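*Asks:* Predicted model, plus sequence, below.
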Protein chains: 2
Amino acid sequence: MLDAGAPDFEARFSALLAAKRETAEDVDQAVRAIIDRVRTGGDEALCDYTRRFDRFEVSPAGLRISEAEIEAAWNEIDTETLDALKLARDRIESHHRRQKPEDERYTDALGVELGHRWTAIESVGLYVPGGTAAYPSSVLMNAVPAKVAGVPRLVMVVPTPDGKLNPLVLAAAKLAGADEVYRIGGAQAVAALAYGTDTIKPVAKIVGPGNAYVAAAKRQVFGTVGIDMIAGPSEVVIVADDHADPDWVAADLLAQAEHDAAAQAILITSSPALAAGVEAAVTKQLAVLPRGNIAGASWAEHGAIVLVPDLEASVPLVDRLAPEHLEIESADAEELALKIRNAGAIFLGSHTPEAIGDYVGGSNHVLPTARSARFSSGLTVLDFVKRSSILKCSPASLKALGPAAIRLAQAEGLDGHARSVAIRLGLPA
Amino acid sequence: MLDAGAPDFEARFSALLAAKRETAEDVDQAVRAIIDRVRTGGDEALCDYTRRFDRFEVSPAGLRISEAEIEAAWNEIDTETLDALKLARDRIESHHRRQKPEDERYTDALGVELGHRWTAIESVGLYVPGGTAAYPSSVLMNAVPAKVAGVPRLVMVVPTPDGKLNPLVLAAAKLAGADEVYRIGGAQAVAALAYGTDTIKPVAKIVGPGNAYVAAAKRQVFGTVGIDMIAGPSEVVIVADDHADPDWVAADLLAQAEHDAAAQAILITSSPALAAGVEAAVTKQLAVLPRGNIAGASWAEHGAIVLVPDLEASVPLVDRLAPEHLEIESADAEELALKIRNAGAIFLGSHTPEAIGDYVGGSNHVLPTARSARFSSGLTVLDFVKRSSILKCSPASLKALGPAAIRLAQAEGLDGHARSVAIRLGLPA
């Protein structure tokens, strides 16, 4: 509990901001060796690593998960869950369709034609974690925008520890339209996607969350391929006044905290009564939450309740925290939201728990963590397209612009640049 | 000279694609030490490194380049060059104004409100190289879009070897509206921008080109701050048929080649006559080009002329090369351009030498190099803003969506998520 009026507030709030929630494992050397081995050894190296790390035998021909296996997984899932997945897919798809950027072409006053054209990335690899963090919702959130963007080849990799397939993940892959699915994971899967093997053609960009090895591998192959952001532990900040229900707020804090002991849930409130109510409700709910151990550790270690004189005072605090998720539960939620600069996603009003956005809201749940909302955005269709700018001069517009270009090129000592313009205008250079 | 009809073509073209043009210096250790030292030593460390690497004495109070120094630099520049810089600034500004993305808000059929809001990044650092690669055009290309985006604080750093200021760079900073300018460079400048010192407040994102130390420093501070792409040596591919003038084409190839011995200039043509003409013209022009040594080394080492049966056959080759700059000088330039997927910028027709785009075209000259146009785009206003998504449910729309969210959360084993929805709907969870 931090009080914005207390003399030590700035020191305590700064400490909260600076606290490292992740211990960065130094796996760079190990990852470099794995990548090198896959580059030289190809499929055989993939099979070796899979035997070693995922504990099952696989041959190069068996790396790909077959249509029949995906079909079998699909048939295992109950109708209600499938319907929920389909609803999520449809809502994500229709929301992301609105994000497709438009091409442009115009002619300016000098007669110069300018514009740009967007094209989909030719091939994208989607990393899906195995084990407990294998979330079908995450498959949809990454794959659907790629397909909406028009990516022709979407390749999914997912480790299957002990050879066990995750039916929900495969169903999500099918629903989202993944073109190829491989039963590999770790740094070796990232290496295969970046450099290719006989079985797996390389891709142009790799997205999706993963453990420290996957994150290090993505950093190392960046440049050879594009990558998305490196995701850290999840966070929520809830800004609330007396209008909020303490039980609802506590439930939302714990929904975030249950992800991971490194997750962070923070309440900022102008109401001492709400602060007390939430604190009590958290304790009560923790006792019955299945993942109460994890949520309790996160709350004890990284959770906070910040008391402010009024919600206006929460704005600079939120901007410094730059949370992945921001819930605003107050009378003037809309006005307050307009004042916030740094937040990955904003959930307005008491009837918008963040979990709606995780699954079926339609907006993307891949959002900037670890204060990176100061400089980056959540995943959109824009992450799966790229832009070619277009320039076209007529003889007349080149004549109008040419002399200035020649002047600047000469000022920079780049006479070859100047000559390429001058030669067209019959000017000396 | 490569002939697409020759039996060894695929092997030679693949070798061209795979050729490393940059020797990656391993400076990671040295850079890590510099960053650590600046984090602990602050301004004093900056002054020490400046003394050591840039060979002049400076105190913390003298790190900032004053208004008076910028004014004096401005007054040194001749009117014609200043006018050319202003023309470039104005054209870049008016083109980039069209890139400002729009906010959105809509209500879907279920009554869920969705949308997003774009905000400018709160502070941006712009690295400008010193010495021979100090280009005022590059200052404009980075700084103007930041200011168009609405970045309130734009901080420029530029090393001043031996204490000598570059008047053109300072004039460009003034024209572009840089808010603070510091006479520091190298990894130490990147560290200061990322972590701050007593004199220099930290920024949220760092952009701009630099040498191997600067690039390594940017990679290392990524996460603490945002960074732009890591720029490699420049490239042009020119696709041309008999319509093109061999002297003009040669001049454009050499304009690219003069940047750097690691630059790459490639002609793809359906015309053996043009190929021969360009080859001869390159030799002739090299003899009189001031930077002929550099351009000659680039052309000899990395240049190529590729003969194709028709220009249609150039399309897959261009997509594999994914050039930073693509010139199309042919009768059907427009149609051909529409077939290209991977190119940073496309220059259409014989009257659009790439150098126009470097200075006064209005589009940005910061473009993806080293085949990264497969997955990334040139610099735009979008690089200086970020997006907060917005979600708002009413009681009725939460009731409509809630059960599916609960179902998916339970399927993922995240009961806390399910409960945060169920508690609002009076459902058991």
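*Replies:* Received, thanks.

*Asks:* now the longest helix seen in chain A against helix B:28-49, angle please.
*Replies:* Of all the segments of type helix in chain A, defined by DSSP state H, the longest one is helix A:28-54. Put simply, helix A:28-54 runs at 150 degrees to helix B:28-49, going by axes from the mean of the first three to the mean of the last three Cα atoms, to 10 degrees.

*Asks:* which residues are contacting the helix or strand immediately after helix A:28-54 in the chain?
*Replies:* Sequence-wise, the next helix or strand downstream of helix A:28-54 (DSSP states H and E) is helix A:67-76. The contact list for helix A:67-76, computed with Cβ atoms under 8 Å, 6 or more residues apart in numbering or on different chains, reads A:82, A:165-167, A:170-171, A:173-174, A:181. C-betas here are computed from N, CA, C, even on glycine.

*Asks:* Which positions in the longest helix of chain A come out as buried?
*Replies:* Using 16 or more other Cβ atoms under 10 Å in any protein chain shown as the test for burial, helix A:28-54 gives A:31, A:34-35, A:37-38, A:41-43, A:45-47, A:49-50, A:53-54.

*Asks:* what's the span of stretch A:222-238, first residue to last?
*Replies:* End-to-end distance of stretch A:222-238 (Cα to Cα, to the nearest Å): 35 Å.

*Asks:* In that stretch, which residues are buried?
*Replies:* Going by neighbour count (16+ other Cβ under 10 Å), the buried part of stretch A:222-238 is A:222-238.

*Asks:* Is it correct that residue A:95 is in contact with residue A:362?
*Replies:* Yes. Between residue A:95 and residue A:362 there is a contact at 3.6 Å, judged by Cβ atoms under 8 Å.

*Asks:* okay, and the common contacts of those two?
*Replies:* Common contacts of residue A:95 and residue A:362 (Cβ under 8 Å, 6+ apart): residue B:114.

*Asks:* which SSE is whatever residue of the stretch 1-150 of chain A ends up closest to chain B in?
*Replies:* As assessed by Cβ to the nearest Cβ, chain B sits closest to residue A:84 within the stretch 1-150 of chain A, at 4.0 Å. Residue A:84 belongs to helix A:79-97 when elements are defined using DSSP H and E.

*Asks:* Sketch out the low-pLDDT regions of chain A for me.
*Replies:* When residues are selected by pLDDT under 70, those of chain A lie in A:23-25, A:132-133.

*Asks:* In space, not sequence, find me the middle residue of it.
*Replies:* Centrality entry for chain A: nearest residue to the mean C-alpha point is residue A:366, 3.5 Å, by Cα atoms, centre = their mean.

*Asks:* tell me the domain boundaries of chain A?
*Replies:* Using automatic domain parsing, the domain ranges for chain A come out as A:28-102+A:120-227, A:232-375, A:393-425.

*Asks:* Compare those and give me the one nearest residue A:20.
*Replies:* The closest of those to residue A:20 is domain A:232-375. By Cβ to Cβ, the value is 9.4 Å.

*Asks:* which residues sit in contact with the residue lying closest to residue A:60 once chain neighbours are set aside?
*Replies:* Among residues not flanking residue A:60 along the chain, residue A:43 sits closest, at 3.7 Å (Cβ to Cβ, 6 or more residues apart in numbering or on different chains). Under the criterion of Cβ under 8 Å, 6+ apart, the contact list for residue A:43 reads A:60, A:63, A:197-200.

*Asks:* who's in contact with the nearest residue to residue A:5 once chain neighbours are set aside?
*Replies:* Closest residue in space to residue A:5, ignoring its immediate chain neighbours: residue A:309 at 6.6 Å, by Cβ to Cβ, 6+ apart. Residues in contact with residue A:309, defined by Cβ under 8 Å, 6+ apart, are A:4-5, A:270.

*Asks:* And the buried ones among these, selectable in ChimeraX?
*Replies:* This is how ChimeraX selects the buried members of those, with burial counted by 16+ other Cβ under 10 Å:
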select /A:4,270
